[in-house]
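Student: My questions concern the predicted model and sequence given below.
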Amino acid sequence: MRVEEHPLGEQDGHARVLEDLSPEARRKRALRWRAGLEEQVGPDGRFWASRVYRVVSRVWHGAWNDGFIHAGNLAYMAILALFPFFVTVAAIFALLGEEAQRQASVQAFLVAVPPVVARVLEPVASDVIVARSGWLLWAGGLVGLWTVGSLIETIRDILRRAYGTPPAQAFWRHRLVSTGVIVAAVVALLISLFAQVAIGTAEQVIEAWFPRASGWTSTLATSRIVPALLLYGALYALFYTLTPAAYRARRYPKWPGALLVSLWWIAVMIALPWVLARFFTYDLTYGSLAGVMIALFFFWLVGLGMVVGAELNAALAVTPEEGEMIGQPGRIGAGPA
């Protein structure tokens, strides 16, 4: 048997090392370029060197490398944290004196999922929030805070990987931020409930007292996009809060990722029932667990959208060092891939 020796560090011609395209890696590359340790080399051709190609390339590489793994993690954590979240919502509503809104909070959440998923989750969620009271409710609320906090930490890890930064704060600080995010989400849910009640009341008043103005009710009906706008606002706040501190400044855009995830979420919510009805027969494979698997599949798709949204924000981020290297310090989203 013939054994060939190769110098240490020499790579096999068939082996390819994945290039790190995160903002932090590009920033360090720019620092090496500034010190004269690296040349600025990019693809030839107008299209290959264009901003659109480079951003799409960064998003594709990041989503392909991490998207499927993190989508699975998010789907698992979403199912694990969903019902504890409802218990936490019930506990906070009890603290605010709005115990009557417990069931309404479940309905408000189920508006954001496909009907086939809502039918699976609604009975269990309703039983969960009714079954607990007194100290059991508060104990469940604390457990829910920890469980949902783990879901938020998963999203934080997605953003950290997208930007290429290491953890910068202590574990307990991250958990405090996660708790604040959960409380803010419950408050946003409460505002959404009040908005829906106000819109419904306004429709009834107009139809009863001002029949000639009944056309305005259709306008109010379109105002039910308020939950969708709240979804976008919640996602934007989530991206802003969990993005690494070094990339939280205004020069690094957050809205593209939040908008992409919002549109992707709504598209999945609309398309999933149609796709399941025509192309999949989950009940033949999973039997009585088909509903749970469909819910898991929905959250997996949403998780994949979250990863793509995080990678999009990271792809558009241009640090001052990178901006100096490419000669466009004020331009967001440009730069070498």
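Tutor: All right, it came through fine. Residues are numbered from 1 along each chain as shown.
Student: Tell me the helix or strand right after the top helix by length along the chain.
Tutor: Counting residues, the longest helix in the chain under DSSP state H turns out to be helix 51-95. As assigned by DSSP states H and E, the chain's next helix or strand after helix 51-95 is helix 102-110.
Student: Tell me the buried residues in the helix or strand that that following helix is followed by?
Tutor: Later in the chain than helix 102-110, the nearest helix or strand by DSSP H and E is helix 115-131. For helix 115-131, a neighbour-count test (16 or more other C-beta atoms under 10 Å) marks V116, V117, A118, V120, L121, E122, A125, V128, I129 as buried. C-beta coordinates here come from the backbone N, C-alpha and C atoms, glycine included.
Student: And for stretch 262-271, what's in contact with it?
Tutor: Residues outside stretch 262-271 that contact it (C-beta atoms under 8 Å, 6 or more residues apart in numbering): 112-114, 228, 231-232, 235, 298, 301-302, 305, 308-309.
Student: If we use 6 Å, what do you get?
Tutor: The contact list for stretch 262-271, computed with C-beta atoms under 6 Å, 6 or more residues apart in numbering, reads P114, L231, Y232, L235, L301, V302, G305.
Student: now that we have these, which one has the most neighbours?
Tutor: The most crowded member of these, judged by other C-beta atoms under 10 Å, is G305 (24 neighbours).
Student: For that one, which residues are in contact?
Tutor: Contacts of G305 by C-beta under 6 Å, 6+ apart are V261, W264.
Student: now T154
Tutor: Contacts of T154 (C-beta under 6 Å, 6+ apart): N73, L74, M77.
Student: Let me know how buried the first one is, in neighbour terms.
Tutor: Which is N73. Counted with other C-beta under 10 Å, residues neighbouring N73 total 19.
Student: immediately after the helix or strand bottoming out on mean pLDDT in the chain, which helix or strand?
Tutor: Ranked by mean pLDDT, DSSP states H and E, the weakest helix or strand in the chain is helix 215-222, scoring a mean of 54. Next along the chain after helix 215-222, taking DSSP H and E as the criterion, comes helix 226-242.
Student: Pull out the buried residues from that next one.
Tutor: 227-228, 230-232, 234-239, 241-242.
Student: for stretch 103-117, same thing?
Tutor: Buried, per 16+ other C-beta under 10 Å, within stretch 103-117: A104, S105, V106, A108, F109, L110, A112, V113, P114, V116, V117.
Student: export these to a markdown table and tack on pLDDT and distance to A63?
Tutor: Listed next are the buried residues of stretch 103-117 as a markdown table, based on pLDDT from 0 to 100; distance: C-beta to C-beta, whole Å:
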| residue | pLDDT | distance to A63 |
| --- | --- | --- |
| A104 | 74 | 36 |
| S105 | 73 | 33 |
| V106 | 79 | 32 |
| A108 | 72 | 30 |
| F109 | 75 | 27 |
| L110 | 78 | 28 |
| A112 | 74 | 23 |
| V113 | 80 | 23 |
| P114 | 80 | 23 |
| V116 | 81 | 26 |
| V117 | 85 | 24 |
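Student: and which of those is nearest L272?
Tutor: P114 (4.6 Å; C-beta to C-beta).
Student: how close does the nearest residue to that closest one once chain neighbours are set aside get to P115?
Tutor: Nearest residue to P114, sequence neighbours excluded (C-beta to C-beta, 6 or more residues apart in numbering): L272, at 4.6 Å. L272 sits 9 Å away from P115, going by C-beta to C-beta, to the nearest Å.
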